[in-house]
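Q: requesting a structural model of the entry that follows:
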Amino acid sequence: MDRDEARDILFNFIKEKSLRYTRQREEILQTFLSAGRHITVEELYNVLRKKNTGIGYATVHRNLKLMKECGLADEMKIGSDKTRFEQAYGQRHHDHLICMKCGRIIEVNDDRIERLQDKLAEVNNFFPLKHKLEIYGSCKKCR
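A: Sure, this is the predicted structure:
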């Protein structure tokens, strides 16, 4: 995704909410987009703290929630683990294989599964708006 486009989306969303677009918001957005992985608020906070000791945990958390609201991030709650966030905007839909031992998350996409899900909805006269598939088990390393 184009970082300028992401910044514009967040900027306009924040403006609609009568909030200010601050340097801290920009830092949080850019660091999140650079992470390239599923990340917790705490992990993102720790990366940001190395750059800017003045940023607060609550600020990081609030801004990730704003990014979720405007479609830049997706939120994943995996079992009893902490919530993780991943980049959403500009990303191809994918599902997740999640290792219950080490927590590894593998992104997968299979058009056959997507077609089957569409067919299941159609047969049941159901109009899906979105979906997610998470399969829990053990990765190759943990077996």
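
Q: quick one, helices of this protein?
A: With helices called from DSSP state H, the chain shows them at 3-16, 23-35, 41-51, 57-69, 111-123.

Q: can you give me the angle the third one makes with helix 57-69?
A: Inter-element angle recorded for helix 41-51 and helix 57-69: 120 degrees (by axes from the mean of the first three to the mean of the last three CA atoms, to 10 degrees).

Q: using PDB, write out every CA atom in helix 41-51.
A: C-alpha atoms of helix 41-51 as PDB (Å, rounded to 0.1, in the frame of the first residue of the first chain):
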ATOM      1  CA  VAL A  41      -0.200  -3.000  21.000                       C
ATOM      2  CA  GLU A  42       2.600  -3.700  23.400                       C
ATOM      3  CA  GLU A  43       5.000  -4.800  20.600                       C
ATOM      4  CA  LEU A  44       4.200  -1.700  18.600                       C
ATOM      5  CA  TYR A  45       4.600   0.500  21.700                       C
ATOM      6  CA  ASN A  46       8.000  -1.000  22.500                       C
ATOM      7  CA  VAL A  47       9.200  -0.300  18.900                       C
ATOM      8  CA  LEU A  48       7.900   3.300  19.200                       C
ATOM      9  CA  ARG A  49       9.400   3.900  22.600                       C
ATOM     10  CA  LYS A  50      12.900   3.200  21.200                       C
ATOM     11  CA  LYS A  51      12.300   6.100  18.800                       C
END
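
Q: quick one on the thing from earlier: which of the helices of the chain sits closest to residue 83?
A: Closest to residue 83 of these is helix 41-51 (CB to CB; 7.2 Å). All C-beta atoms are positioned from the backbone trio N, CA, C, and that covers glycine.
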